[in-house]
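Participant: missing the sequence, but the structure's below:
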């Protein structure tokens, strides 16, 4: 409708493989902003520009109260953060609870964000284990984490890049067109993460992989640096600038003007 009215038309696509709506409509847009460079080849008829995915301000600048006193986590212990995405991840939660005792023996603490759909969310009790449906200070938590175990949604990956958090990714297997796997491969190819398909991942594999990474500070540092290279810190500014340029040139977007 906007195109028929002669209005600038802009889409933003966060995923590494664009969704059907983006693929269908992109050719009629003034410009498409993408979160990953990997998305651009899927939009051959569109004017594209990689602008990253905007994040909340708390991910941009560390705050003066960068601590987890509200969770009671000692400052020096290894910390594993488990993130199932906005809906939680029951299958991942089950794997984590089965693997966690070995991590506790190694001295690690676990903050497990279970979501609200897990009937067994309270099944594991341990002094080094904190289970919550959600946590609203995610930037602080991920910056403190030594390692994250996570789904591979574009928003979560953007936050992991911004906080330089090494990660083990378990893509949601029923995501449309398996887009979480495509997202995760961007991080794997950059050496910022490891990726396991849920159907092939066992408790023993997850348990051992986490322990190996916790014992390899150099590798985690390399993964953190790689994650940082994937971050677009001024994504919101870039996207706003994209919109301003499209408005200024309603008869044709001019990249770089």
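Facilitator: Yep, it's here. Quantities reported herein were computed from a predicted structural model and do not represent experimental measurements.

Participant: low pLDDT regions in this protein?
Facilitator: Applying pLDDT under 70 to the chain picks out residues 64-65, 85-88, 250-257.

Participant: now do 90
Facilitator: By pLDDT under 90, the low-scoring segments of the chain are 1-6, 61-69, 75, 84-89, 115-121, 249-257.

Participant: which stretches of it form strands?
Facilitator: With DSSP state E as the criterion, the chain has strands at 10-13, 31-34, 48-50, 79-83, 109-113, 129-132, 147-150, 167-169, 193-195.

Participant: quick one: strands adjacent to the second one?
Facilitator: Looking back up the chat, that one is strand 31-34. strand 10-13 (parallel), strand 48-50 (parallel) (DSSP bridges).

Participant: How about the fifth one?
Facilitator: Sheet pairing of strand 109-113 (DSSP bridges) gives strand 79-83 (parallel), strand 129-132 (parallel).

Participant: Which residue would you name as the spatial centre of this structure?
Facilitator: residue 157 (1.6 Å; C-alpha atoms, centre = their mean).

Participant: distance of it from residue 119?
Facilitator: Distance from residue 157 to residue 119, counting by C-beta to C-beta, to the nearest Å: 28 Å. (C-beta placed from N, C-alpha, C; glycine too.)

Participant: go on, residue 206?
Facilitator: For residue 206, the distance to residue 119 - C-beta to C-beta - is 21 Å.

Participant: And those two? Which one has more around it.
Facilitator: Ranked by neighbour count (other C-beta atoms under 10 Å), residue 206 and residue 119 place residue 206 first, with 22 against 7.

Participant: And for the more buried one, nearest residue in space, chain neighbours not counted?
Facilitator: Spatial nearest neighbour of residue 206, chain neighbours left out: residue 99 (4.9 Å); criterion: C-beta to C-beta, 6 or more residues apart in numbering.

Participant: what's the answer for residue 157, then?
Facilitator: Among residues not flanking residue 157 along the chain, residue 183 sits closest, at 5.6 Å (C-beta to C-beta, 6+ apart).

Participant: got the contact list for that neighbour?
Facilitator: 15-16, 36, 152-154, 157, 171 (C-beta atoms under 8 Å, 6 or more residues apart in numbering).

Participant: 6 Å instead, please
Facilitator: For residue 183, the contacting residues are 15-16, 152, 154, 157, by C-beta atoms under 6 Å, 6 or more residues apart in numbering.

Participant: same deal with residue 164?
Facilitator: Contacts of residue 164 (C-beta under 6 Å, 6+ apart): 224, 227-228.

Participant: Now do it against residue 243, distance only.
Facilitator: Per C-beta to C-beta, residue 164 is found 29 Å from residue 243.

Participant: Just the residues contacting stretch 107-126, thanks.
Facilitator: Counting by C-beta under 6 Å, 6+ apart, 73, 77-84, 87-88, 90, 93, 97, 100, 104, 128-133, 135 sit against stretch 107-126.

Participant: Centre of the chain to that stretch, how far?
Facilitator: Distance of stretch 107-126 from the chain centroid (C-alpha atoms, centre = their mean, to the nearest Å) equals 20 Å.
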